[in-house]
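Trainee: Here is the input, now give the coordinates:
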Amino acid sequence: MSSGLKLTVKLTCILAAAVLSTSAFAHQFSQGDIKIGHPWSRVSPSTAPVAGAYLTVTNSGTEPDRLTGGSTPIADRIEVHQMTLDDGIARMRPLPDGIEVAPGASVELAPGGIHLMLIKPNQQLIEGSSFKATLEFARAGTVEIEFVVQRNPAVETGSGNEHGGHGQ
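Mentor: Got it, this is the predicted structure:
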């Protein structure tokens, strides 16, 4: 085999692996007008009292909806939380009324802002694993999803902000 052909074969294999690994993490779920894009959770130590989880919610309907929380077999409950910075100090607070998703809008739940908090996880979240959860919406009802456990790409590349110690 010529060196040019060997290089082409290697590049094709690398490209195929990249496409397959990306598609494994690109997953969506839906219920009625609500679409959930790429739910993921951060890797956690075995003794973490909480863990952060993230996703994008899109409302393609004509009425607002509200993400109010959820449940999962691997934690006591899922709450909607918000991180804010007050005088350089990160503060977490639950949003008991959840977060509204306006008609035709998307809301990103991401590290450093509004996110989902897994309260009292009963297992360590290990990179590459996944777990099922049920999200609760005021109008759409429940949406069954699956979170993929991964490292935060924004933090790994230095372009994002840490989660204030939660779930890390």
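Trainee: can we go C-alpha only for contacts and neighbour counts from here?
Mentor: Noted.
Trainee: Could I get the full set of helices for this structure?
Mentor: 3-25, 153-156 (DSSP state H).
Trainee: Quickly, which of these bottoms out on average pLDDT?
Mentor: If you rank the helices of the chain by mean pLDDT, helix 3-25 sits at the bottom with a mean of 43.
Trainee: these two touch, right, Gly112 and Arg91?
Mentor: No: Gly112 is beyond contact range of Arg91, at 10.1 Å (criterion: C-alpha atoms under 8 Å).
Trainee: do you know how far the closest residue to Leu85 other than its chain neighbours is from Leu118?
Mentor: Spatial nearest neighbour of Leu85, excluding adjacent residues (C-alpha to C-alpha, 6 or more residues apart in numbering): Arg91 at 6.2 Å. As judged by C-alpha to C-alpha, to the nearest Å, Arg91 and Leu118 stand 17 Å apart.
Trainee: same check, this time on Thr142
Mentor: Between Thr142 and Leu118 the computed distance is 17 Å (C-alpha to C-alpha).
Trainee: One more: Glu108?
Mentor: Taken as C-alpha to C-alpha, the span from Glu108 to Leu118 is 17 Å.
Trainee: With neighbour numbers in mind, choose between those two.
Mentor: More crowded of Glu108 and Leu118, by other C-alpha atoms under 10 Å: Leu118, with 27 against 16.
Trainee: Quick one: low-confidence residue ranges for this structure.
Mentor: Across the chain, the ranges flagged by pLDDT under 70 are 1-26, 153-168.
Trainee: To what extent is the nearest residue to Val57 once chain neighbours are set aside buried, counted in neighbours?
Mentor: Among residues not flanking Val57 along the chain, Ile36 sits closest, at 4.8 Å (C-alpha to C-alpha, 6+ apart). Using other C-alpha under 10 Å, Ile36 has 22 other residues around it.
Trainee: same thing with Trp40?
Mentor: Counted by other C-alpha under 10 Å, the residues lying close to Trp40 total 24.
Trainee: That one bridge partners, please.
Mentor: Trp40 has these beta-bridge partners by DSSP bridges: Tyr54, Val148.
Trainee: Strands along the chain, start to end?
Mentor: For the chain, the strands defined by DSSP state E cover 28-31, 34-42, 50-59, 65-71, 77-86, 89-94, 99-101, 106-109, 114-119, 130-137, 141-150.
Trainee: which ones are touching Glu108?
Mentor: Counting by C-alpha atoms under 8 Å, 6 or more residues apart in numbering, Glu108 touches 54-57, 114.
Trainee: Kindly apply the preceding question to Pro94 instead.
Mentor: Residues near Pro94 by C-alpha under 8 Å, 6+ apart: 79-82.
Trainee: can we see that at 6 Å?
Mentor: Taking C-alpha atoms under 6 Å, 6 or more residues apart in numbering, we find Pro94 in contact with 80-81.
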